[in-house]
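Novice: My questions concern the predicted model and sequence given below.
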Amino acid sequence: MEIAFVGGGETVLGFNLAGIKKSYAANTEEELVSKINDVMADSNVGILVLKQSDWNRLPKRLQEQLSESVKPTVISIGTEQSTEMREKIKRAIGVDLWK
Amino acid sequence: MAVIRGTKPTRAVLIGLKRRMKVAQTGHSLLKMKRDGLMIEFFEVLNKAKSVRAELVEALIKSEQRLNMAKAIEGTVAINSVAYALQKEPTIELESRNIMGVVVPKITADSVQKKMYERGYGIIGTSAAIDEAAESFETLVDKIVLAAEVETAMIRLVEDIDSTKRRVNALEFKVIPDIKDTIKFIGMSLEEMERDNVVKLKMLKGKAERLAAEEEAKKLKEAAEAASAEVAPPVTA
């Protein structure tokens, strides 16, 4: 299986350098959504990588769907901390354990 | 006292409720164990996730810097052409693992890191900046593969802990007390009915005795009257 990346132009280049062929450039929101849907439909993709800033721009429903998905697994990378995970831990355990 | 609505205070219902109580208690203790087990599992994953996330962010910053450097030195076109020359694609193996009923992905990947001559582009034609950028992005991809596994596992675990906790609490604070109260209520009702019956029987018995006594008295009276009539002939004849 392969890794796929969807996101802004610069990072696509970097992932291309790492040998990831399925890295797609998407700048507008519509492009983002359609590319993500394409990747999700591709059964050969094991991990979908997104940028945190792009993730935050996605519609809530798609976010929900992506975080539920195991195959492929979706991960967002970025310097800013995702608040979603933190909230979830807080709600389930009752204490903010993340940092 | 919260009695389950619409229960009839009969012995059959009582037996059924006692059976349900047993099931609920077994389920409660099992779910409690599951919750504790998930918690232990979660803490392990949490520590891992924290360190992996930190490494990931570090790798990301570093690789973006290196890429910008390479772009400044070589230009986008050159980097693109190098990227097209790459042959080896990183492949991963995606399996699912089961932690106490929670399906989490298990990702195995052979390291993305490649030797310089394995990358597929010429060593002489490109500068060190591109090599560095490629290398740091390979490290980043390695970290991403790790993080993807750990973080997805964590989200799954958290979600399941949440729902298990709800179920444990619902059983502990709602279902089991309700059944307990209803069992008590039915027991009380049955006792009350028993007492009612005793009193009713006593009353009936008393009535029957009274009737019998009256009958006896009547018979005696009639017999006495008959006897006195035989002894003394009627006055008006």
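Specialist: Received, thanks. Residues are numbered from 1 along each chain as shown, chains lettered A, B, ... in the order given.
Novice: switch to C-alpha atoms for all contacts and neighbour counts from now on
Specialist: OK.
Novice: Give me the phi and psi angles of A:Thr28.
Specialist: Recorded main-chain torsions at A:Thr28 are phi -90, psi 170, according to degrees, to the nearest 10.
Novice: Over to A:Pro59?
Specialist: Comment: the main-chain dihedrals of A:Pro59 come out as phi -60, psi 150, following degrees, to the nearest 10.
Novice: Check A:Asp96 too.
Specialist: In terms of degrees, to the nearest 10, the main-chain angles of A:Asp96 are phi -80, psi 100.
Novice: Can you give me the pLDDT of the most centrally placed residue in chain B?
Specialist: Note on chain B: the residue nearest the mean C-alpha position is B:Thr164, at 3.1 Å, using CA atoms, centre = their mean. At B:Thr164, the model reports a pLDDT of 92.
Novice: Ok, B:Thr126 next?
Specialist: Confidence at B:Thr126, expressed as pLDDT, is 74.
Novice: if I pick it, what's in contact with it?
Specialist: The neighbours of B:Thr126, taking CA atoms under 8 Å, 6 or more residues apart in numbering or on different chains as the test, come to nothing; the list is empty.
Novice: Is chain B within reach of the longest helix seen in chain A?
Specialist: Across chain A, the longest stretch assigned as helix under DSSP state H is helix A:29-41. No. Contact of helix A:29-41 with chain B (CA under 8 Å from any CA of the partner chain) is absent, the minimum separation being 14.8 Å.
Novice: Name the next helix or strand downstream of that helix, please.
Specialist: Helices and strands here follow DSSP states H and E; after helix A:29-41, the next one along the chain is strand A:45-51.
Novice: next SSE after that next one?
Specialist: helix A:52-57.
Novice: What lies in contact with that next one?
Specialist: Surrounding helix A:52-57, the residues in contact under the criterion CA under 8 Å, 6+ apart are A:7, A:29, A:32, A:63, A:76-80, A:82.
Novice: if we go to 7 Å?
Specialist: Residues outside helix A:52-57 that contact it (CA atoms under 7 Å, 6 or more residues apart in numbering or on different chains) are A:7, A:76-78.
Novice: Nearest to chain B among those residues?
Specialist: A:Gly78 (6.4 Å; CA to the nearest CA).
Novice: on that earlier part again, now name the helix or strand holding the residue nearest to the centre of chain B.
Specialist: Assigned by DSSP H and E, B:Thr164 falls within helix B:128-170.
Novice: what inclination does that helix have with respect to strand A:45-51?
Specialist: 100 degrees (axes from the mean of the first three to the mean of the last three CA atoms, to 10 degrees).
Novice: Helix B:128-170 - contacts with which helices or strands?
Specialist: When contacts are defined as 3 or more CA pairs under 7 Å, 6 or more residues apart in numbering or on different chains; DSSP states H and E, helix B:128-170 sits against helix A:9-17, helix A:83-93, helix B:11-74, strand B:102-109.
Novice: if we can go back for a sec, just the contacts of helix A:52-57 that are near chain B?
Specialist: Intersecting the contacts of helix A:52-57 with the contacts of chain B gives A:Gly78 (criterion: CA under 7 Å from any CA of the partner chain).
Novice: show me where pLDDT drops low in chain B?
Specialist: Within chain B, the ranges that satisfy pLDDT under 70 run B:1, B:87, B:111-125, B:233-237.
Novice: still on that earlier bit, what residues of the longest helix of chain A count as buried?
Specialist: Buried residues in helix A:29-41, counted by 16 or more other CA atoms under 10 Å in any protein chain shown: A:32-33, A:35-36, A:39-40.
Novice: quick one: which of the residues you listed is nearest B:Glu230?
Specialist: A:Met40 (118.8 Å; CA to CA).
Novice: What separation is there between that closest one and chain B?
Specialist: Here A:Met40 is placed at a distance of 15 Å from chain B (CA to the nearest CA, to the nearest Å).
Novice: so what's that residue closest to, chain neighbours aside?
Specialist: Computed as CA to CA, 6 or more residues apart in numbering or on different chains, the closest residue to A:Met40 that is not its neighbour in sequence is A:Pro72, at 6.9 Å.
Novice: ok, now which ones touch the one you found?
Specialist: When contacts are counted by CA under 7 Å, 6+ apart, A:Pro72 touches A:40, A:45-48.
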